[in-house]
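**Student:** just a sequence and a predicted model for now, questions to come.
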Amino acid sequence: MTYAAFDTHKAVKTLTAAGVEEAQAEVLVDTFGGALTGTLATKEDLERAGEKLSGEIAQVRGEIAGTEEKLRVEIAHTEERLTAKIETQGVELRGEIATTEERLSAKIEGVRTEIAGQDAKIEGVRTLIAVGQAQQLRWMIGGMIALAGMVAAATAGVFG
């Protein structure tokens, strides 16, 4: 680093003109002048630092671009894997749904068969009831005929 120019003689003169003793002015200028010239940057120093920073910024931008590309590729691969997993899950779910539908259809068919059996039993009971009613009707008619015959015989014997 280059050091900025500092006119120590002029600084001593300015301090003594302000009323500071010459020995004190020399000590002050020596102490603060050394500190100033050691820490101040020149225009060239700033330009070199700016160029260095510009290079580092360009390097970081390149690294960021590389990282972005890597992330894009990784995201694309992840998306492909997820899409494949989703498709696999879809196939498995469709298979499970089809199996469940088949089991339910079989159970429904079993219930239908059971209902048909119950319907046949109900029809059998209806037939038995109808036969019973016909027999009962025959007995009632036979009883009425017999009763009518007895009434006729009784009235023939009484009136006859």
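**Tutor:** Great, that's in hand. Numbers count the residues shown, from 1 in each chain.

**Student:** tell me how far the top helix by length along the chain lies from the chain's centre.
**Tutor:** Of all the segments of type helix in the chain, defined by DSSP state H, the longest one is helix 43-159. For helix 43-159, the gap between its own C-alpha mean and the chain's C-alpha mean amounts to 25 Å (CA atoms, centre = their mean, to the nearest Å).

**Student:** what's the pLDDT at residue 31?
**Tutor:** Per-residue confidence at residue 31 stands at 81 (pLDDT).

**Student:** would you mind measuring from it to residue 11?
**Tutor:** Summarising the geometry, the distance separating residue 31 from residue 11, computed by CB to CB, to the nearest Å, is 11 Å. The way it works is simple: take the backbone N, C-alpha and C, and place the C-beta from them, glycine included.

**Student:** for those two, work out which one has more neighbours and name it.
**Tutor:** Neighbours were tallied for residue 31 and for residue 11 using other CB atoms under 10 Å; the higher tally belongs to residue 11 (18 against 10).

**Student:** do you know how far that one is from residue 43?
**Tutor:** When CB to CB is the yardstick, residue 11 and residue 43 sit 22 Å from each other.

**Student:** do the same with residue 84
**Tutor:** The spacing between residue 84 and residue 43, counted by CB to CB, is 61 Å.

**Student:** equivalent analysis for residue 95, please.
**Tutor:** The gap separating residue 95 from residue 43 is 77 Å, by CB to CB.

**Student:** what does residue 111 give?
**Tutor:** Relative to residue 43, residue 111 is positioned 97 Å away (criterion: CB to CB).

**Student:** just residue 13 next, same as before
**Tutor:** In this structure, residue 13 lies at 27 Å from residue 43, with CB to CB as the measure.

**Student:** average pLDDT for stretch 92-100, rounded please.
**Tutor:** Model confidence over stretch 92-100 averages 96 on the pLDDT scale.

**Student:** got the buried residues for that stretch?
**Tutor:** Within stretch 92-100, no residue counts as buried by 16 or more other CB atoms under 10 Å.

**Student:** for that stretch, C-alpha coordinates in CSV please.
**Tutor:** Only the C-alpha atoms of stretch 92-100 are listed here, as CSV (Å, rounded to 0.1, in the frame of the first residue of the first chain):
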residue,chain,number,x,y,z
GLU,A,92,-51.4,-50.0,-6.9
LEU,A,93,-54.5,-48.1,-5.8
ARG,A,94,-56.3,-48.9,-8.9
GLY,A,95,-55.4,-52.6,-8.3
GLU,A,96,-56.6,-52.4,-4.7
ILE,A,97,-59.8,-50.7,-5.8
ALA,A,98,-60.5,-53.4,-8.5
THR,A,99,-59.9,-56.1,-5.9
THR,A,100,-62.2,-54.4,-3.4
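
**Student:** no further queries at this time; thank you.
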